[in-house]
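>>> Kindly return the folded structure for what I paste below:
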Amino acid sequence: VKVMLDRDHIMQVLLNLLSNAAKFCEPNTGKVGISVSLNNNQVTVCVEDNGPGIDYNYQSTIFDKFRQVQDQQKGKPKGSGLGLAICRPIIEHHHGKLWLESEPGRGSRFYFSLPLNPSFLSQK
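Down below sits the predicted model:
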């Protein structure tokens, strides 16, 4: 399946999600996975890790600028807190959706979906 998209921007989204997943995993036991599925005329990408997960109180603001989740054992993570905030407008520009599923202590799954026939291409 071919999807029409801005390759550089979608690559930035993937790199941000993979980098975050790796950052929150333990050095010797961490696992990061990526999967792609097709359904309902869209492609969905999932980046999953086995890190500490994200507390429910932070999940609604995790995509805001300068928001970072603090690991109680390690302190504040490195970074600017802009990675996920950058991802959301890129995905929305492609008429897609970005979301997460996470439980504290059970890792995180970040998803984005893109339509297979985005209407914004016909506007150019």
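>>> Check which residues of the helix or strand of the chain with the lowest mean pLDDT are buried.
Of all helical and strand segments in the chain, the minimum by mean pLDDT, DSSP states H and E falls on helix 56-59, at a mean of 83. Of the residues in helix 56-59, residue 59 count as buried by neighbour count, 16 or more other CB atoms under 10 Å. Where C-beta positions appear, they are placed from N, C-alpha and C, glycine not excepted.
>>> How far away from the center of its chain is it?
For helix 56-59, the separation from the chain centroid amounts to 15 Å (computed by CA atoms, centre = their mean, to the nearest Å).
>>> Now that helix - C-alpha only, PDB.
Once non-C-alpha atoms are left out, helix 56-59 reads as follows in PDB (Å, rounded to 0.1, in the frame of the first residue of the first chain):
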ATOM      1  CA  TYR A  56      -3.400   9.100  34.000                       C
ATOM      2  CA  ASN A  57      -3.100  12.600  35.400                       C
ATOM      3  CA  TYR A  58      -0.500  13.500  32.700                       C
ATOM      4  CA  GLN A  59      -2.100  11.800  29.700                       C
END
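>>> Now the element after it, going C-ward?
Using DSSP states H and E, the helix or strand that follows helix 56-59 towards the C-terminus is helix 83-93.
>>> what pairs with the very next helix or strand once past that next one, and is each one parallel or antiparallel?
The C-terminal neighbour of helix 83-93 among helices and strands, as given by DSSP H and E, is strand 97-102. Taking DSSP bridges as the criterion, strand 97-102 forms sheet pairs with strand 108-115 (antiparallel).
>>> And the average pLDDT for the strand it pairs with is what?
Regarding strand 108-115, the rounded mean pLDDT is 95.
>>> Tell me which residues are up against it.
Strand 108-115 is touched from outside by 3, 5, 10, 13, 17, 20-21, 24, 41-49, 51, 53-54, 87, 91, 94-102, with contacts defined as CB atoms under 8 Å, 6 or more residues apart in numbering.
>>> Determine the angle, from 0 to 180 degrees, between it and helix 83-93.
Between the axis of strand 108-115 and that of helix 83-93 there is an angle of 20 degrees, by axes from the mean of the first three to the mean of the last three CA atoms, to 10 degrees.
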